[in-house]
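> have a look at this fold, sequence not included:
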């Protein structure tokens with residue numbers, strides 16, 4: 001299947017049928033211009049990616065003319081696959097990766113029209129079953145391999161809620177070789193559709209995981225993060241945690257007031273070094 005072949009699967013039940021244009025409306029913008037990575041030398045675009053019950057709008061970026069590039073699945077924040085997530089994909093593609101970001105919340109709401117992050121959490125994030133998220137991410141890997149991504153060089157990288165999903169996906173999919181979680185919560189409230197926190201299954205990690213956290217982030221307790229690391233280590237798993245003392249939550253998000261340019265650059269360098277350490281790129 002080529003990236004131009006749109007599978008003829010049903011769209012019933014999917015609210016978002018295309019990705020956000022520009023940036024999310026649900027968070028304040030910083031005055032400084034966000035980073036923009038051009039697409040020169042890349043193949044980029046939006047596709048409808050097949051999943052169990054239809055297709056998800058998905059952004060991809062890959063180096064043009066490169067056979068079997070390593071694959072990085074990029075997992076969004078709560079705000080959708082908007083320009084920031086797309087730019088992250090292009091940054092990765094410039095480094096030789098085939099980056100793929102599915103819109104995991106397409107079934108639940110049109111995130112392009114939502115302006116209140118609290119409403120997003122209440123009406124979208126809390127309603128998203130983890131089993132569906134894990135299935136969608138596994139289908140993302142399947143799709144990338146079908147597009148001639150390297151099946152032996154697979155990684156996942158995500159931000160905020162997506163950082164949590166990185167932990168869970170690394171505990172779920174045995175094909176992964178590396179994982180990077182930017183400020184991903186590892187503990188919290190559970191529910192019937194979100195029954196497990198990352199800390200609960202830290203011993204089941206299938207690949208080395210790097211966690212990048214802000215020391216001034218009040219929403220994630222360092223004690224939980226280090227407890228998850230210890231649980232993984234006791235099971236012989238590799239987890240490295242790096243804290244940036246002056247950074248808050250969302251410190252990598254260059255379109256938000258929380259952006260910390262120095263720590264974002266340092267954390268990004270650590271993320272890429274982690275992928276390369278485990279032969280992803």
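Thanks, I have the structure now. Quantities reported herein were computed from a predicted structural model and do not represent experimental measurements. Numbering: from 1, shown residues only.
> tell me the bridge partners for the residue nearest to the spatial centre of the chain.
Central residue of the chain (Cα atoms, centre = their mean): residue 75, 1.6 Å from the mean position. Listed by DSSP bridges, the beta-bridge partners for residue 75 are residue 158.
> check contacts around it.
101, 104, 137, 156-159, 162-163, 165-166, 169 (Cβ atoms under 8 Å, 6 or more residues apart in numbering). In this view, the C-beta of every residue, glycine as well, is placed from N, C-alpha and C.
> go again using 10 Å as the cut-off
81, 85, 101-102, 104, 133, 136-137, 140, 156-166, 168-169, 179, 181-182, 184 (Cβ atoms under 10 Å, 6 or more residues apart in numbering).
> next step: those restricted to strands.
Among the contacts of residue 75, the members falling in strands (DSSP state E) are 101-102, 156-159, 179, 181-182.
> now do the helices in this protein.
With DSSP state H as the criterion, the chain has helices at 83-94, 117-123, 130-146, 161-170, 222-234, 261-277.
> among those helices, which is nearest residue 15?
Residue 15 lies closest, by Cβ to Cβ, to one member of the helices of the chain: helix 117-123, at 11.2 Å.
> got the buried residues for that closest one?
Across helix 117-123, burial judged by 16 or more other Cβ atoms under 10 Å covers 117, 120.
> now stretch 141-153: average pLDDT?
Per-residue pLDDT over stretch 141-153 has a mean of 98.
> what does it contact?
1-3, 5, 7, 43, 47, 49-51, 56, 58, 60, 62, 66-73, 97-100, 102, 154, 156, 169, 173, 175-178, 275, 278-281.
> which non-adjacent residue is nearest residue 35?
Spatial nearest neighbour of residue 35, chain neighbours left out: residue 254 (4.9 Å); criterion: Cβ to Cβ, 6 or more residues apart in numbering.
> hang on, the one you found packs against residue 263?
No: using Cβ atoms under 10 Å, residue 254 is not in contact with residue 263, being 11.6 Å away.
> which ones are touching the closest residue to residue 191 other than its chain neighbours?
Nearest residue to residue 191, sequence neighbours excluded (Cβ to Cβ, 6+ apart): residue 126, at 7.2 Å. Under the criterion of Cβ under 10 Å, 6+ apart, the neighbours of residue 126 are 108, 120, 189, 191, 193-194.
> neighbour-wise, which one of those residues leads?
residue 120 (24 neighbours; other Cβ atoms under 10 Å).
> how much space between it and residue 217?
19 Å (Cβ to Cβ, to the nearest Å).
> what's the answer for residue 142, then?
34 Å.
> cool, residue 204 as well?
To residue 217, residue 204 is 25 Å away according to Cβ to Cβ.
> hang on, isn't residue 271 packed against residue 210?
Yes: taking contacts as Cβ under 10 Å, residue 271 lies within contact range of residue 210: 6.6 Å.
> residues that sit against both of the two, list them.
157, 178, 180-182, 242.
> may I ask which of those has the most neighbours?
residue 181 (32 neighbours).
> I figured it hits residue 166, correct?
Yes: the criterion here is Cβ under 10 Å, and residue 181 meets it with residue 166 at 4.1 Å.
> intersection of neighbour lists for those two?
75, 156-159, 198, 209-211.
> all good on my end, thank you.
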